[in-house]
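**Q** Sharing a sequence plus its predicted fold:
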Amino acid sequence: MDLIKLFKERYSVRKFTTQKVEDDKINAILEAGKCAPTAVNYQPQRIYVLKSEESLEKLKTVTQYHFNAPLAFLICYDNTVSWKSPFDNKDMGIVDASIVTTHMMLEITNLGLGSTWVGYFDPKLVSKTYNLPDNIVPVAILPTGYPDKEPSPMHNIRHDISETVSFI
């Protein structure tokens, strides 16, 4: 698929069918995340696949934006592995996990599935609910599945490049 076409086709899915996502597609999505670049190639991403009824029910307790998806990915990073900038000690784990999430999100679209990037959650509650170790930092949740409706007409509204880009 043409990459720009894929970018334009991707939209935030907020209604899913109940059809389960096949394991081969889950593996392809995880492979896309594995291919993502990370700072110094440290690969601090830690991905939790939420597909059991129990883990999906727990998801409903940590965010209202679960959309009853039949699958979700919880993308985190390990702060003992992530690269820290020597200039300001900024932890690049959140950037790395975000790049991984983007790769996964685009592969989800490529496979004919849909997702929505969810950042509306309390990381401490997510960590407690899923019993994550202290060094694992939640960054994003991707509810995933087969879309149940067409994208909003607003999906195609984009600012002109001249409004968002400066040449200096």
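**A** It's in.
**Q** middle-most residue in the protein, spatially?
**A** residue 101 (3.8 Å; CA atoms, centre = their mean).
**Q** Hmm, residue 144 and it touching each other?
**A** No: counting by CB atoms under 8 Å, residue 101 sits too far from residue 144 to count as a contact (11.4 Å). In short, each C-beta sits where N, CA and C put it, glycine included.
**Q** shared neighbours, these two?
**A** Each of residue 73 lies in contact with both residue 101 and residue 144 under the rule CB atoms under 8 Å, 6 or more residues apart in numbering.
**Q** on contacts alone, who are the packing partners of the host helix or strand of residue 144?
**A** Per DSSP states H and E: residue 144 is located in strand 136-145. Judged by 3 or more CB pairs under 8 Å, 6 or more residues apart in numbering; DSSP states H and E, strand 136-145 is in contact with strand 71-78, helix 93-110, strand 114-115, helix 123-129.
**Q** quick one: it to strand 71-78, angle?
**A** Orientation check (axes from the mean of the first three to the mean of the last three CA atoms, to 10 degrees): strand 136-145 against strand 71-78 gives 160 degrees.
**Q** Next, the angle from strand 136-145 to helix 93-110.
**A** Relative orientation of strand 136-145 and helix 93-110, computed by the same axes, to 10 degrees: 10 degrees.
**Q** And the next helix or strand past strand 136-145?
**A** The C-terminal neighbour of strand 136-145 among helices and strands, as given by DSSP H and E, is helix 161-164.
**Q** Could you check how far the strand holding residue 144 is from the centre of its chain?
**A** 5 Å (CA atoms, centre = their mean, to the nearest Å).
**Q** buried residues in that strand?
**A** Neighbour counts over strand 136-145 (16 or more other CB atoms under 10 Å) mark 136, 137, 138, 139, 140, 141, 142, 143, 144, 145 as buried.
**Q** Ok, stretch 75-83 next?
**A** Neighbour-count burial for stretch 75-83, counted by 16+ other CB under 10 Å, picks out 75, 76, 77, 78, 82, 83.
**Q** What helix or strand is residue 80 located in?
**A** Per DSSP H and E, residue 80 falls between elements, in no helix or strand.
**Q** quick one: it and residue 89, what's the gap?
**A** Per CB to CB, to the nearest Å, residue 80 is found 14 Å from residue 89.
**Q** just residue 83 next, same as before
**A** Relative to residue 89, residue 83 is positioned 11 Å away (criterion: CB to CB).
**Q** give the contact list for residue 7.
**A** Residues near residue 7 by CB under 8 Å, 6+ apart: residue 106.
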